[in-house]
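Undergrad: next comes the sequence, and after it the predicted model I'd like to discuss.
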Amino acid sequence: MKLLYFAWVRERVGTETETRDIPANVTTIGALKSWLASLDEGYAYAFEDPSIIRVALDKTLAEDDALLGDAQEAAFFPPMTGG
């Protein structure tokens, strides 16, 4: 799966984009966030409060209980402020 990271999520994980094989037991967005947080310190820091990270699967925003299914891309966004 192609993973895209934006703003401070990108800074904390140390990359803008990557492709990873997602384990078969990781079936939801919430599980994906948890799995990513377990990879190393940077990912753990980025996903320390997973509830604030928004995710788009194949360019459509989805909730943590959404199934990954056959999605090709997940994009991770921190909270945004307007101005």
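TA: That came through fine.
Undergrad: quick one: the strands in this protein?
TA: Secondary structure of the chain (DSSP state E): strands located at 2-5, 17-19, 54-57, 60-62, 73-77.
Undergrad: contacts for the third one?
TA: Residues outside strand 54-57 that contact it (Cβ atoms under 8 Å, 6 or more residues apart in numbering) are 29, 32-33, 61-62, 64, 66, 68, 71, 73-79. No exception for glycine: its C-beta is placed from N, CA and C like everyone else's.
Undergrad: what's the closest of those to residue 8?
TA: Residue 8 has its nearest neighbour among the contacts of strand 54-57 in residue 78, at 5.3 Å by Cβ to Cβ.
Undergrad: surely the closest one and residue 8 touch.
TA: Yes: using Cβ atoms under 8 Å, residue 78 is in contact with residue 8, at 5.3 Å.
Undergrad: and for those two, which residues touch both?
TA: What both residue 78 and residue 8 touch, as defined by Cβ under 8 Å, 6+ apart, is an empty set.
Undergrad: neighbour count winner among those two?
TA: residue 78 (17 against 12; other Cβ atoms under 10 Å).
Undergrad: who touches the more buried one in this structure?
TA: Counted by Cβ under 8 Å, 6+ apart, residue 78 has contacts 6, 7, 8, 9, 52, 53, 54.
Undergrad: could you rerun that using 6 Å?
TA: By Cβ atoms under 6 Å, 6 or more residues apart in numbering, the residues touching residue 78 are 7, 8, 9.
Undergrad: one step back: name only those of the contacts of strand 54-57 that count as buried.
TA: Burial by neighbour count, judged by 16 or more other Cβ atoms under 10 Å, picks out 29, 32-33, 62, 64, 66, 68, 71, 74-78 from those.
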